[in-house]
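**Q** Okay, predicted coordinates and the sequence, questions at the end:
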Amino acid sequence: MQLRYQFRVYPTPGQQNMLARSFGSARVVFNDALRARQDAYETGVKLSDTDVQKQVVTAAKKTPQRAWLAEVASVVLVQACQDARRAYRNWFDSMSGKRKGRRVGAPRFRSRKDNRQAIRLTRNGFTIRPNRKLYVAKIGELKVAWSRDLPSDPSSVTIIKDSAGRYFASFVVEVDQAPLPEINTEVGIDLGLTTFAVLSNGKTITSQKFLRRAERTLRKAQQNLSRKEKGSNNRAKARLRVAKAHAKVADSRRNFAHQQSTAIIRDNQAVYVEDLAVSGLVRTRLAKSVHDAGWAMFTTMLEEKAARYGRTFVKIDRWFPSSQLCSACGVVDGPKPLSIRQWTCAACGAVHDRDLNAAINILAAGRAERLNACGGTVSPAA
């Protein structure tokens with residue numbers, strides 16, 4: 001399986017200038033490739049991938065308008081052309097139903113005003129030198145903050161400049177599955193806003209509310225930005241301060257999700273989570289809290305780590321009434337407003353904590369689904 005390993009890099013001012021040229025050249029080639037495909041589609045002309053690359057890279061370098069493309073590594077331009085091809089293929093495959101998942105829209109042109117820029121290089125465009133520096137074609141040797149060793153030789157690397165002005169190198173490496181020793185524990189997880197997660201074994205994970213805690217700092221930084229004149233250097237500095245504040249929140253949330261997902265996968269052989277409709281919840285009055293919780297990122301990490309470490313990960317149907325079902329007798333007690341955190345079953349009199357009861361029901365439903373998929377004769381509680 002393939003994984004990404006991302007490290008912070010520290011280019012010199014001269015290297016930053018060359019990276020800016022590379023980012024701009026890749027953006028122009030990407031846009032030219034999209035425009036060429038659009039024109040060919042509108043006129044009914046069949047244009048192969050090779051023809052597009054020759055037109056927007058090889059032939060473009062010989063014209064006065066695009067002669068500066070020769071100043072950057074050719075592998076950067078070729079990969080930008082390939083990215084445009086992949087974007088178009090994903091769009092057509094999504095419309096035809098060949099591509100699974102949510103519908104993908106038409107590819108859009110990249111803007112020079114985008115605060116995140118990136119270039120991608122294959123093996124012939126970079127090497128890791130013996131001095132532990134990353135050599136990038138026509139950029140030079142970049143200083144890398146290695147936090148860990150790469151498990152294998154990378155097949156490609158993406159150099160990224162984020163909105164906060166930080167530079168990263170993201171390596172794609174091939175890793176073998178590393179199954180953990182089998183254990184007998186399984187867990188169901190109920191995700192929430194007041195409490196980030198309640199596990200069926202009674203453990204609770206407190207919601208850190210990273211965005212809420214940083215709101216005062218973000219508000220002051222945003223107010224300071226709004227007072228700056230557009231196009232001024234002071235506005236650029238203020239925008240960078242806002243971006244750094246948001247990056248700090250995002251990094252903290254991602255680190256928290258990594259820590260919690262790793263602990264859950266390590267301690268349980270099977271993990272069951274409710275398939276929440278996050279895209280629908282972010283259109284409600286709870287949108288800020290839902291975004292701040294980062295449920296989708298957390299469940300994605302659980303799924304990826306389960307696949308790598310030989311654990312089982314199952315998503316329960318989002319219409320399963322986990323909060324309405326009595327985990328003791330299996331009677332559906334009906335919907336309840338979010339303000340009710342504890343309720344008593346009218347059938348058996350059992351007193352339930354809303355979230356813990358839901359987690360127990362998710363565990364039972366997950367076990368039933370897993371065993372039935374394996375050929376067992378198991379039915380849900382209700």
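**A** Done, it's in.
**Q** what about residue 132, how many residues close to it?
**A** Residue 132: 10 surrounding residues under other C-beta atoms under 10 Å. From N, CA and C alone the C-beta is placed, and that goes for glycine too.
**Q** Now it: closest residue in space that isn't a chain neighbour?
**A** residue 146 (6.3 Å; C-beta to C-beta, 6 or more residues apart in numbering).
**Q** residue ranges of the helices in the stretch 1-150 of the chain, please?
**A** Per DSSP state H, counting those that start in this stretch, the stretch 1-150 of the chain carries helices over the ranges 13-43, 49-53, 74-96.
**Q** mind giving me CSV with those helices and columns for mean pLDDT?
**A** What follows is the helices of the stretch 1-150 of the chain, written out as CSV (pLDDT from 0 to 100):
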stretch, mean pLDDT
helix 13-43, 95
helix 49-53, 93
helix 74-96, 93
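**Q** helices and strands of the protein: which one bottoms out on pLDDT?
**A** In the chain, no helix or strand scores lower on mean pLDDT, DSSP states H and E than helix 278-281, which sits at a mean of 82.
**Q** Contacts made by whatever helix or strand comes next after that one with the rest, please.
**A** Sequence order places helix 287-293 as the next helix or strand after helix 278-281, per DSSP states H and E. By C-beta atoms under 8 Å, 6 or more residues apart in numbering, the residues outside helix 287-293 that reach it are 191, 193, 196, 207, 209-212, 253, 278, 281-282, 284.
**Q** With stretch 119-128 instead?
**A** Against stretch 119-128 from outside (C-beta under 8 Å, 6+ apart): 19, 22-23, 26, 73, 75-76, 79-80, 83, 134-137, 150, 154-159.
**Q** Show me which of the contacts of helix 287-293 are buried.
**A** 191, 196, 207, 209-211, 253, 278, 281 (16 or more other C-beta atoms under 10 Å).
**Q** Can you list the residue ranges for strands in this protein?
**A** Secondary structure of the chain by DSSP state E: the strands cover 2-10, 117-122, 126-128, 134-136, 140-145, 156-161, 167-174, 186-191, 195-199, 204-206, 270-274, 312-316, 342-344, 351-353.
**Q** Turn the helices of the stretch 1-150 of the chain into TSV, columns for mean neighbour count.
**A** Supplementary listing: the helices of the stretch 1-150 of the chain in TSV, determined by neighbours: other C-beta atoms under 10 Å:
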stretch	mean neighbour count
helix 13-43	17
helix 49-53	16
helix 74-96	18
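**Q** Can you add distance to residue 318 and give these back as CSV?
**A** Formatted as CSV, the helices of the stretch 1-150 of the chain follow (distance: least, C-beta to C-beta, whole Å):
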stretch, distance to residue 318
helix 13-43, 36
helix 49-53, 39
helix 74-96, 22
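**Q** So which of those helices is nearest residue 216?
**A** When those are compared by C-beta to C-beta, helix 13-43 sits nearest residue 216, at 32.3 Å.
**Q** show me the contacts for residue 88.
**A** Residue 88 makes contact with 34, 37, 107, according to C-beta under 8 Å, 6+ apart.
**Q** Relative to residue 102, how far out is it?
**A** Using C-beta to C-beta, to the nearest Å, residue 88 is found at 17 Å from residue 102.
**Q** Please identify which of the helices of the stretch 1-150 of the chain is closest to residue 114.
**A** Counting by C-beta to C-beta, residue 114 lies closest to helix 13-43 out of these; the figure is 8.0 Å.
**Q** and that closest one with strand 156-161, angle?
**A** With axes from the mean of the first three to the mean of the last three C-alpha atoms, to 10 degrees defining the directions, helix 13-43 sits at 110 degrees from strand 156-161.
**Q** circling back: please save the CA atoms from the least confident helix or strand of the chain in CSV.
**A** Only the C-alpha atoms of helix 278-281 are listed here, as CSV (Å, rounded to 0.1, in the frame of the first residue of the first chain):
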residue,chain,number,x,y,z
VAL,A,278,-21.3,15.6,7.6
SER,A,279,-22.0,17.4,4.3
GLY,A,280,-25.6,17.8,5.4
LEU,A,281,-24.7,18.9,9.0
